[in-house]
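**Q** sequence? don't have it. structure:
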């Protein structure tokens, strides 16, 4: 055993962490493993310490087997890994990171190891839009509303070097803040990591238009088009903003040339190709000729998963920060618009804790993200407004909605009205129940969950509810 302890040098743990970085990617490593320290190794147990209970629990439940596998490469007799929260260091505390690096969302960029920095893709001198190193497949949270889109994006990246692309073009559409850009960045990073020699070009539609206009002014349009047609994978974001008949025509030629030449094209927009009225018919047809997938509205479960993942990352990077499940439940219930506002809420809670040193309670959370909750409620919607709008849209009487009738033609609009009341007003479940014919809160909760479940599988219902939301907010 003494000999075993003598062979526990820091170099061995450095090798383990190097493999963790290589296997998991820099963003995951920086969030969850950078602060993990080796305390000791006995004959069968590797003892590791972490800064917070939140991080300890996360590593136990998500990475235990993987860490044990890598540890056995250095200590073959290891049978177990122990994670525990370490006590604060006193006296011989190592130099602290500069505050600027710690606060930065890409603070790992300052480390000496190879790191994916914010990158501009490009080909032949044409510079693309920058890629965010945090937007990878590992950091993308999967739920019912985005599972198909994530799987399609992952398949495009996996089959990039194969003899034939299965989904070409891949067209991803959905509302703002649901993950379209994240998936395009993730494909770009994945392809560049697996095939460093590949020519990857990620562009926003605005960047494409700007590059083409500059080429026209420089009388270099032909060279511009030839460069685009020789890349390996082209990713275009915000396609709905591509305007102008000449630019659209040239882009359509480029699209056809790339696809016919076996090159991969991925496009994202806020609507399906058939609904992009500003694009000409030929382009809409070609974009719709591959795989078209929608990222739908996030349900409660997905919102909660996103918040939990971002909370784990924040707590791992901020000593003493603890965001409880109760706070996450509250945020998931009240913030319904986009993933960006969910991430923004966690960033604010972390900043609030760092600035005030106050524990993150529901009261603190409500105060900190109050404007985000108002953002989800542009104008005050009354339950009377919901009853009137639902009655008109589905052709049922208001009295029927409030009655005890159980006809399907009445029950479904009633459930939709309850769902909208919960989503668009600040009324409690019991109060909503009273306003919908003196029903109890369990009936309202069942209606809300039923509609959320149906929306995951029924695009038409999702579109109807989106229309009702817009009608009520306008």
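**A** Thanks, I have the structure now. All of these numbers come straight from a predicted model, not from anything done at the bench.
**Q** please report the distance of residue 14 from residue 38.
**A** Going from residue 14 to residue 38 by C-beta to C-beta, to the nearest Å gives 9 Å. Every C-beta, even on glycine, is put in place using the N, C-alpha and C of the backbone.
**Q** more crowded one of the two?
**A** residue 38 (19 against 12; other C-beta atoms under 10 Å).
**Q** tell me the bridge partners for the more buried one.
**A** residue 48 (DSSP bridges).
**Q** now residue 456. Nearest residue, chain neighbours left out?
**A** Counting by C-beta to C-beta, 6 or more residues apart in numbering, residue 456 lies nearest to residue 144, which is 4.4 Å off, once chain neighbours are set aside.
**Q** would you list the phi and psi of that neighbour?
**A** phi -60, psi -40 (degrees, to the nearest 10).
**Q** spit out the contact partners of it.
**A** Applying C-beta atoms under 8 Å, 6 or more residues apart in numbering to residue 144 gives the contacts 296, 299, 301, 302, 456.
**Q** same deal with residue 309?
**A** Residue 309 touches 139, 141, counting by C-beta under 8 Å, 6+ apart.
**Q** show me what counts as buried in stretch 398-405.
**A** Residues of stretch 398-405 classed as buried under the neighbour-count rule (16 or more other C-beta atoms under 10 Å) are 400, 401, 402.
**Q** not counting sequence-adjacent ones, nearest residue to the first one?
**A** Going back to what we said before, that points to residue 400. Nearest one to residue 400, counting by C-beta to C-beta, 6+ apart, is residue 410 at 5.0 Å.
**Q** SS state for that neighbour?
**A** Recorded secondary structure, residue 410: helix (DSSP: H, G, I helix; E, B strand; the rest coil).
**Q** what average pLDDT does stretch 22-37 get?
**A** Averaging pLDDT along stretch 22-37 gives 76.
**Q** sorry, that was for stretch 333-343
**A** 85.
**Q** how distant is that stretch from the center of its chain?
**A** 11 Å (C-alpha atoms, centre = their mean, to the nearest Å).
**Q** one more: stretch 253-262?
**A** 30 Å.
**Q** look up phi and psi at the closest residue to residue 288 other than its chain neighbours.
**A** Leaving aside its sequence neighbours, residue 288 sits nearest to residue 273 (C-beta to C-beta, 6+ apart; 4.0 Å). With angles defined as degrees, to the nearest 10, residue 273 sits at phi -50, psi -40.
**Q** how many residues are close by residue 273?
**A** Counted with other C-beta under 10 Å, residue 273 comes out at 21.
**Q** what's the answer for the one 4 residues further on, then?
**A** Close neighbours of residue 277, defined as other C-beta under 10 Å, add up to 8.
**Q** now the one 4 residues further on
**A** When neighbours are defined as other C-beta under 10 Å, residue 281 has 8 of them.
**Q** number the residues from 45 up from this point.
**A** Fine by me, first position is 45 from now on; the one you just mentioned is residue 325.
**Q** any idea how far residue 296 is from it?
**A** Counting by C-beta to C-beta - residue 325 and residue 296 are separated by 10 Å.
**Q** so who does residue 329 touch?
**A** residue 317.
**Q** that one belongs to a helix?
**A** Yes: judged by three-state DSSP, residue 329 forms part of a helix.
**Q** so where do the helices sit in the stretch 95-244 of the chain?
**A** 97-106, 108-118, 143-147, 191-202, 224-238 (DSSP state H, counting those that start in this stretch).
**Q** right, and those helices - which one's nearest residue 409?
**A** In terms of C-beta to C-beta, the element of the helices of the stretch 95-244 of the chain nearest to residue 409 is helix 97-106, at 15.9 Å.
**Q** what angle do the closest one and helix 108-118 make?
**A** Relative orientation of helix 97-106 versus helix 108-118 (axes from the mean of the first three to the mean of the last three C-alpha atoms, to 10 degrees): 80 degrees.
**Q** mind listing what's buried in helix 97-106?
**A** 98, 99, 100, 102, 103.
**Q** the third one touches residue 127, doesn't it?
**A** Yes: with contact taken as C-beta atoms under 8 Å, residue 100 and residue 127 are classed as touching, separated by 4.7 Å.
**Q** low-scoring stretches of the stretch 295-444 of the chain, by residue?
**A** Within the stretch 295-444 of the chain, the segments meeting pLDDT under 70 span 418-423.
**Q** 50 instead, please
**A** 419-421 (pLDDT under 50).
**Q** going by residue numbers, what spans are helices in it?
**A** 325-331, 344-361, 369-378, 383-400, 406-412, 414-419, 427-438, 442-446.
**Q** what's the overlap in contacts for residue 100 and residue 127?
**A** Common neighbours of residue 100 and residue 127 (C-beta under 8 Å, 6+ apart) are residue 94.
**Q** circling back to that earlier point, point out the most buried one among the helices of the stretch 95-244 of the chain.
**A** helix 224-238 (a mean of 23; mean count of other C-beta atoms under 10 Å).
**Q** elements contacting that one?
**A** Secondary-structure packing of helix 224-238 (3 or more C-beta pairs under 8 Å, 6 or more residues apart in numbering; DSSP states H and E): strand 163-167, strand 170-175, helix 191-202, strand 214-218, strand 244-248, strand 277-281, strand 308-313.
**Q** of these, which is nearest residue 262?
**A** That would be, of the helices and strands packed on helix 224-238 and by C-beta to C-beta, strand 170-175, which comes in at 12.2 Å.
**Q** what's the mean pLDDT across the closest one?
**A** Per-residue scores along strand 170-175 average to 69.
**Q** with stretch 273-293 instead?
**A** Rounded mean pLDDT across stretch 273-293 is 82.
**Q** off-centre distance for it?
**A** For stretch 273-293, the distance to the chain centre is 24 Å (C-alpha atoms, centre = their mean).
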